[in-house]
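> Take this sequence and fold it.
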Amino acid sequence: MTFKNLLIAGTALASLITPSIAYADEAAAVDAAAADDAAVDAADDQGGGAIVVTARRRAENVQEVPVAISVLSGERLDATGAFNIQRLTQLQPTVQFYSQNPRNTFINIRSIGAPFGLTNDGFEQGVGIYIDDVYYNRIASATLDFVDVESIVTLRGPQGTLYGKNTTAGAINITTRAPSFDFEGKAEVSLGNIGFKQGKASISGPLSENLAARISVTGTSRRGTVFNTTTNSYIQSQDNVGVRGALLWKPASNLNVTLSGDWNLQDPICCAFSYGGYGRTQRALNRQYPALVAAAQVLFPNFNPANASPFTYTTDTDATLSARNEHGGLSLRGVWDIDDSNTLTSITAWRYWDWGPANDRDYTGFPVYTKVNNPTKQNQYTQEFRFNHKGEGYDFVVGLFGFQQKIRTSGIQETGRAASKWLLNPTSALSNNPDVLNNVVAINDIRLDNTSLAAYAKLNWEVTDRFVLSPGVRVNYDKKDGLYNSVVTGTASDGTRQVVSAVPGSPYYNDPWTAAQRSIQASQYYAPNLSGWNLSYDLNLRYEVADDINVYATYARSFKTAGINLNGVPADSTGAAIPATFTIKPEKVDHFEAGIKTQFWDRRATFNLTGFWTEIKNFQASVSNGQLGTVRGYLANADKVRSRGVEADLSIRPSDRFSAYVNGAYTDARFTSFCDAPPPPELAGGSSTGIVVTGRCTYTGTIGAPGQPGAVSPPFVDVSGSVLPGVSKWAASWGAEYNHPSSLFDEEGQFYLGYDASYRSRWSSNPSPSIYTWVEGYSLHNFRAGFRTGKFDTFVWVRNAFKKEYIDLYLAGTGGNTGLIAAYAGDPQTWGGTIKFEF
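Numbers count the residues shown, from 1 in each chain. Okay, here's the model as predicted:
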């Protein structure tokens, strides 16, 4: 993309402001105009000062905040190469990030956040993402590059009584650098292997006595890491650009108004899986992957599938690939200090999202599905009013939040000439005729109108000079109106193009070709809607045992908003969508947490320890509900889930020359009651002969052994007691940096050597645990070394230094439970160099 390449080249000439940081020996107030969540460099916290945040809408030492909270500065993000949330997870072990492509992305904290493996516009995220106080509803924004970030504050546990949208798992608050009334700027250029190029630049300064501006740009480009043997080209590339601008107007000493705008584009050749292996299912053996490949090669004799290890970084996908992901918006933020005790804040924002995908959803080089694309456009509007009051021995915040969202998806799914052989029973003569399922097309019209209104309040009462009591409450109203209209057309045996209907008696219903097409996909229409109120509340207790030693406890009752299914649902014997599956109950969360936060060694060290226990009723999950006469996956409610664990953080800075940190987490997250979960691949794909569903969680009949070809498969399985997907029981990150004063080219500065690493134990990559999709644990190690002065920094870096081969994601049950396991391999070793200037 020409503009982006010019941007990268031009950043060497641009400039960027040195941020003003809130750093002091004692807690100091943070300028509200700069950022509500501003924080100092996390590395500085290893020294003798205190990080000050306003994550709870009041300036306070992070060590005195009675919640589990992590703070990362923009400088540390730059130094460690964490330029998006995916890389942020390597620094914060309790944050999990999984992505098939930008739309099919989800973020969890402590194993909670979004249903694993299924994207649906009709449900809410459990982890809130905020940039400069603006709520980002679309999780696809998480895959874009950070633009001129001042700090990132991650709060773990339910949020909602202090600001914005209610979230059950936590919030990630990203604060960008504010305009400055002093002219300043900086630029950064990075080059690396695999054609990696990245440029960042920002410039800021006064336009008048009371008006300041900032403009920031970033661009990233990298050749793909996976070679497509079908097209002889690389895929999984990076091709990102972002622009952010802001105007700060100070008409009076007590009034700040900030107008911000941003535009971001991600346009890579992406995304496809590699061959990850074969795991036998209960489908007939002649309908499983090895037999299907052999049969398909008769139709396509020149094709040889890429059945090698995913760590060869190859694939053979034949469909067109695209992952165009565009975000942008405007926000207006006003902060009025009415007097020394009262502050009124208003945040008005509009955001849009434009998603343009092209996918290969059969995960092979055969034309089974030639198109499975759901381009989506979204507009969202938010308005928040917040009033802060500080009195003698207490302070409080009250607020109003409004959110309105409109999503429109115009999708298409199209089968190809290999579909008959791949999807139909080979005992049928129709499976040998490519024309039967060729060009069966589903045109999808999916719509969502989503409104959310809330009022919230939080009190901090200093009962004594050491004991603070903080109750909070939130009232929420949500209304959702949806539409799912999928019109499927195919060719009947007489050559007539017709609608593939599931309604008995419809035209061509008994035509053999139409019946075969209907067994794969049929037209469906339904218009779900819901509305409802819920009440959330919490109570935080903090007690200062001694100077720099604080203990705290939290209880929170929270809700995750009800949802609607917008990806299609099971149908009854008449072909009608089953109304019981249209909506998803809200999650009800009971959260308990207790911890201790300490500073010692003249505040050159901190140690924090947290224990948590979260129980969720009506957990929103992927299900199959065989009692409804189908095994089609969709979203519904699992009875109960529990997540519990312990987190520990240690940072030290014994001298100005050396600093180190260790963060660790133990998480035990399980379905405590989930009796109708979708069967894992080894128990799927077989017949239903003799199976009679007698209740929600019961059936009669005899099922086959796991992986037994041609066996009878269960309509659902009981996974109560099993681990949640995507969760490692053990996770950790650690690192250190050493510097030595010296000079280079007559410039005084310091040489330095830095190291960062992360580890996670094995985890399940399937909604129901499968013997085929356990991702083995791994550790990643990154190094950097360079020379820096106050205005200049140059360093070399290497990521995944020891060339660890690891899996980001397994996907099973693809293409009709054929036994194919698709794999997304993690990045190989990357290395390069960076130069940064500032003035």
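> next helix or strand past the helix or strand encompassing R518?
The secondary structure element spanning R518 is helix 512-520 (assigned by DSSP states H and E). Following helix 512-520 in sequence order, the next helix or strand is strand 524-526 (DSSP H and E).
> buried sites along that following strand?
Q524, Y526 (16 or more other C-beta atoms under 10 Å). Any C-beta I mention is one placed from the backbone N, CA and C, and that applies to glycine too.
> residues in contact with it?
Strand 524-526 is contacted from outside by L483, Y484, N485, S486, A502, G568, V569, A571, A577, P579, F582, using C-beta atoms under 8 Å, 6 or more residues apart in numbering.
> rerun that using 7 Å as the cut-off
Strand 524-526 has contacts (C-beta atoms under 7 Å, 6 or more residues apart in numbering) with Y484, N485, S486, G568, V569, A571, A577, F582.
> average pLDDT across the longest strand seen in the chain?
Using DSSP state E to assign secondary structure, the strand with the most residues in the chain is strand 467-491. The average pLDDT for strand 467-491 rounds to 96.
> partners of that strand in the sheet?
Strands that pair with strand 467-491, judged by DSSP bridges, come out as strand 441-462 (antiparallel), strand 497-499 (antiparallel), strand 524-526 (antiparallel), strand 529-546 (antiparallel).
> Contact partners for P426?
Neighbour list for P426: N286, R287, A295 [criterion: C-beta under 7 Å, 6+ apart].
> gap between it and S486?
Computed as C-beta to C-beta, to the nearest Å, the P426 to S486 distance reads 27 Å.
> hang on, the earlier thing: please pick the buried ones from the contacts of strand 524-526.
When these are checked for burial by 16+ other C-beta under 10 Å, the buried set is Y484, S486, G568, V569, A571, A577, F582.
> you'd agree the last one is up against N565?
Yes: proximity of F582 to N565 meets the contact threshold set by C-beta atoms under 7 Å, at 6.1 Å.
> Overlap of the contact sets of those two?
P528.
> so where's this structure shaky on pLDDT?
Scanning the chain for pLDDT under 70 picks out 1-59, 117-118, 142, 624-633, 815.
> Please save the CA atoms from the helix ranked longest in it in PDB.
For the chain, the helix with the greatest residue count under DSSP state H is helix 289-299. Extracted in PDB, the C-alpha atoms of helix 289-299 (Å, rounded to 0.1, in the frame of the first residue of the first chain):
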ATOM      1  CA  TYR A 289      -9.900 -37.000   5.900                       C
ATOM      2  CA  PRO A 290      -7.400 -39.500   4.400                       C
ATOM      3  CA  ALA A 291     -10.100 -41.200   2.300                       C
ATOM      4  CA  LEU A 292     -11.600 -37.900   1.200                       C
ATOM      5  CA  VAL A 293      -8.200 -36.600   0.100                       C
ATOM      6  CA  ALA A 294      -7.600 -39.800  -1.900                       C
ATOM      7  CA  ALA A 295     -11.100 -39.500  -3.500                       C
ATOM      8  CA  ALA A 296     -10.800 -35.800  -4.300                       C
ATOM      9  CA  GLN A 297      -7.400 -36.300  -5.900                       C
ATOM     10  CA  VAL A 298      -9.200 -38.400  -8.600                       C
ATOM     11  CA  LEU A 299     -11.100 -35.200  -9.500                       C
END
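> buried stuff in it?
Buried residues in helix 289-299, counted by 16+ other C-beta under 10 Å: Y289, A291, L292, V293, A295, A296.
> List the contacts of the first one.
For Y289, the residues meeting the contact criterion (C-beta under 7 Å, 6+ apart) are Y278, T818, G819, L820.
> Ends of stretch 802-812, what's the gap?
29 Å (C-alpha to C-alpha, to the nearest Å).
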